[in-house]
Every structure is written in C-alpha cells, then in structure tokens.
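In: What follows is a predicted structure for the sequence shown.
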Amino acid sequence: MDEQTATKSIVTKRVLIVDDEPSVLSVLRASFALFRHGHTYQIVTAESAAAAFALLRQERFDLILLDIVMPARSGQWLREKNLGLGLLTRFRDLGVTAPVLMITGAAHDAAKEAAANNAGVIGYLYKPIDLRELDAAVARVLGFG
C-alpha cells in the first residue's frame, strides 16, 4: 500500500466519554490511543450530565460512552440514581443518533440493562472495564471489527 492510500484509510472518529470519575476518563482516553483499528480518535470528555448535554447541543460524535450513574452538574447529585438513562433520552430528543455504549460500576442488573437497551444503548460495559472488551466493542459498534 502506498503512502497516499494509507493516509486515506485512516479516519478520525469523534468519541464523547461521559463519566464523573476523572480517573476513568483518563484511562479510557489513553485506551483509545492503543486501539489498532486503522483509525484515530478525537476524545472529548464530560464529567456531568449538564456538560455532556451542552457538548451534544453543539458538536457531533461517532460514539458516546456514557456512565449510567452521573451527577446532574459537577458535584451536584439528584435523587435520580440512573441519570445516564435520562440523559440518553434527552440526547435522542436533540436528534443525536450516535451509538451509545453504557458504562456502569454496579453489578449486573437485568432490569437496568433492559431499560438501557430499550433506550437505544448498543452495548453495556462494566467497571473495571476490560480494555480488550472495550476495543472489541468499539470496533463492532463503529463497523470495523
């Protein structure tokens, strides 16, 4: 393959990662740099539902990783424990069609998974996230795996 063909095959994918834990955001950001899908990633992060919503009103993404348990604003929690699901509904109301991988630190919960699936989640990842599993999920969701 010549250099021009190689350059054309590398496509930048925009990914929004929404999680209230800075360490999770850091690890996930670094993980995308290790993937070998022939694509590069522009990673944008948000630490609250409000920050994610503001970003999605202005920007387009190819993939969203969304924690199911999120504060409404940085440091401000609502009674709604699974704000990520409510946020997903609001994303869709904005016309956001990017695939969403839901992230959770909770144990497997069939009811939560069913609710996430009904809300249009394309996959579910459990913390601590296995990076090979994340790699495979991203490749599958973005259609190059």
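Out: Perfect, thanks for sending it.

In: what is the mean pLDDT for the longest helix seen in the chain?
Out: Looking across the chain with DSSP state H, the single longest helix is helix 22-34. Averaging pLDDT along helix 22-34 gives 92.

In: swap in stretch 47-58?
Out: Mean predicted confidence for stretch 47-58 is 90.

In: what does stretch 115-134 give?
Out: 86.

In: Could you pull out the buried residues of it?
Out: Going by neighbour count (16 or more other Cβ atoms under 10 Å), the buried part of stretch 115-134 is 115, 116, 119, 121, 122, 123, 124, 125, 129, 134. In short, each C-beta sits where N, CA and C put it, glycine included.

In: residue contacts, the nearest residue to the first one once chain neighbours are set aside?
Out: Taking Cβ to Cβ, 6 or more residues apart in numbering, and ignoring the residues beside it in sequence, residue 115 has residue 85 as its nearest neighbour in space, at 5.8 Å. Residues in contact with residue 85, defined by Cβ atoms under 8 Å, 6 or more residues apart in numbering, are 68, 112, 115, 116, 119.
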